[in-house]
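>>> The sequence and its predicted three-dimensional model are supplied below.
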Amino acid sequence: MKPVLARLGAVLLAASVVLSGCSSSGPTNEAEQFVVDYYKAGRAGDWETVCGSLDPEVVTALGGKAKCAEGLRKESKANGELDNLPADLEVSGSDMAADGNNGQVRVLDKNGREQVVKVVRIKGAWYITG
């Protein structure tokens, strides 16, 4: 379970190295808003919401939502990665497939470089895939 948790932590960490302050226009579509909400849940330590935002196959591999949340809770306390997170996530844009059900949301890191958060919509709900 540890390698999968490390990967999930990396997804959250990628989102956590963003500039403070929202972009002037804010999220422009559902996928972008979903990534912002995911980030806010992680920043708040709401691991149940974070795990509920992950691809269901990943959560299943972790033993379900409760085990996923407990694993992330323990890891975050152990490594202190939430201590210096900025208040807001800056979205720089997104690229969605023609069907609108998958794509990537781009966020900016502390150095102004883009980081990519992959998303997919399954039965009308958005999930983080990587």
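Perfect, thanks for sending it. Numbers count the residues shown, from 1 in each chain.
>>> quick one: the helices in this protein?
Ranges of helices in the chain, per DSSP state H, are 2-16, 30-43, 47-52, 56-61, 65-79.
>>> Quick one, which of the ones you listed gets closest to residue 122.
helix 56-61 (7.1 Å; Cβ to Cβ). Any C-beta I mention is one placed from the backbone N, CA and C, and that applies to glycine too.
>>> State the distance from residue 46 to residue 98.
Per Cβ to Cβ, to the nearest Å, residue 46 is found 33 Å from residue 98.
>>> More neighbours: those two, which one.
residue 46 (16 against 6; other Cβ atoms under 10 Å).
>>> Need the pLDDT of that one.
pLDDT for residue 46: 91.
>>> which ones are touching residue 59?
When contacts are counted by Cβ atoms under 8 Å, 6 or more residues apart in numbering, residue 59 touches 51-52, 65, 68.
>>> nearest to residue 36, of those residues?
Checking the contacts of residue 59 against residue 36 with Cβ to Cβ, the nearest one is residue 52 at 15.5 Å.
>>> any idea how far residue 43 is from the residue nearest to residue 114 when sequence neighbours are not counted?
Of all residues beyond its chain neighbours, the one nearest residue 114 is residue 106 (4.6 Å), with distances taken as Cβ to Cβ, 6 or more residues apart in numbering. Taking Cβ to Cβ as the measure, residue 106 and residue 43 are separated by 19 Å.
>>> now do residue 121
In this view, residue 121 and residue 43 are 23 Å apart by Cβ to Cβ.
>>> now residue 69
Residue 69 sits 15 Å away from residue 43, taking Cβ to Cβ as the criterion.
>>> Next: residue 52.
With distances taken as Cβ to Cβ, residue 52 is found 16 Å from residue 43.
>>> Ok, residue 91 next?
Distance, residue 91 to residue 43, using Cβ to Cβ: 15 Å.
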